[in-house]
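K.L.:
okay, predicted coordinates and the sequence, questions at the end:
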Amino acid sequence: MEWEPTEEDLEWTKSILTTLEMNQDWMEGEMAFRRTGENTLALLTRTERAAEPAERVKIVLAELDWELDEEHVQVIPDDPQAAAEMMQQSAESWTCPECNEHRVVNMDLEDVSWQVKGDTNYVDDEGNMQTYDRWVVTILCECGEPVYLTPDDYYLVAGEFNFYTWRFVDREGVAWIARVMNPEQVVESIDSGFLEQLNARHLGTTFQGDTVPPHMRGTFCILIQVAALEEEE
């Protein structure tokens, strides 16, 4: 590849690298990177059409005395259906990174914890670097070790129903389950006057002292007290 970076390319990339902490992610276009060493970035995923942009990043990093690790990169097909099938097949084979025995899909995918662990950076359409919370879903393996997944990865192994279910503990120490209502359920509940009886709430950025996971914000949820649910079962 004969492409050469400009001074602006070098300075822009350098400004991003200096803000990245160890194990922090950087999203750029259709590529995802993670800082894995003092001067090392790992290319986590990229689409097929992002082969050339990834090569350009590699050239820029070399100019800055950084290394791009592409050993475990996952190349996502450009075709949406093929990409979805590939990701689903890959997710079914994931195992606990500690014991390497138990498959993630066979773990308790309902009783999970949503947490913010640091932040990640991305460059917006105007070329400005933005920072947002790095959400992690924690699942407990049978071996006793926690397994950490990104929200997207959790969706792949747990499915839509579990993905749109959030377990949390309120300020008084009471455990709850919030399950998202679909638009039809919301309309029917409003028309019938049963919305309040269902103990439904509209979630914002925070709820009862807890930060709401991004995909749950702006939704109507039915709130179920865990103790009451367990007694009924």
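P.N.:
Nice, I can see it.

K.L.:
every contact and neighbour count from this point should use C-alpha atoms.
P.N.:
Will do.

K.L.:
any idea how far D25 is from C221?
P.N.:
With distances taken as C-alpha to C-alpha, to the nearest Å, D25 is found 31 Å from C221.

K.L.:
what residues are up against the nearest residue to Q74 once chain neighbours are set aside?
P.N.:
Nearest residue to Q74, sequence neighbours excluded (C-alpha to C-alpha, 6 or more residues apart in numbering): T45, at 4.6 Å. Counting by C-alpha atoms under 8 Å, 6 or more residues apart in numbering, T45 touches M31, A32, F33, V73, Q74, V75, I76.

K.L.:
paired strands for the regular element (helix or strand) spanning T45, with orientation please.
P.N.:
For T45, the host element (DSSP states H and E) is strand 40-47. Take DSSP bridges as the rule and strand 40-47 pairs in its sheet with strand 31-37 (antiparallel), strand 67-69 (parallel), strand 74-76 (parallel).

K.L.:
of the contacts of T45, which is the nearest to M216?
P.N.:
Checking the contacts of T45 against M216 by C-alpha to C-alpha gives A32 as the nearest, at 23.6 Å.

K.L.:
hmm, back to that, buried sites along the strand holding T45?
P.N.:
T40, L41, A42, L43, L44, T45, R46, T47 (16 or more other C-alpha atoms under 10 Å).

K.L.:
quick check: the farthest pair among those residues?
P.N.:
It's T40 and T47 that sit farthest apart of those, by C-alpha to C-alpha, at 20.9 Å.

K.L.:
so E55 sits in a helix?
P.N.:
Yes - assessed with DSSP: H, G, I helix; E, B strand; the rest coil, E55 lies in a helix.

K.L.:
ok, it - contacts?
P.N.:
If you count contacts by C-alpha under 8 Å, 6+ apart, then E55 has nothing around it.

K.L.:
what's the helix or strand hosting T138 in contact with?
P.N.:
In the assignment (DSSP H and E), T138 maps to strand 129-140. Under the criterion C-alpha under 8 Å, 6+ apart, residues 16, 107-109, 111-124, 146-151, 154, 213 lie in contact with strand 129-140.

K.L.:
can you tell me the SS state at the residue lying closest to M87 once chain neighbours are set aside?
P.N.:
In space, and not counting its chain neighbours, M87 is closest to L156: 7.5 Å by C-alpha to C-alpha, 6+ apart. Assigned by three-state DSSP, the conformation of L156 is helix.

K.L.:
could you do the one 10 residues further on as well?
P.N.:
When classified by three-state DSSP, W166 comes out as strand.

K.L.:
thank you, goodbye.
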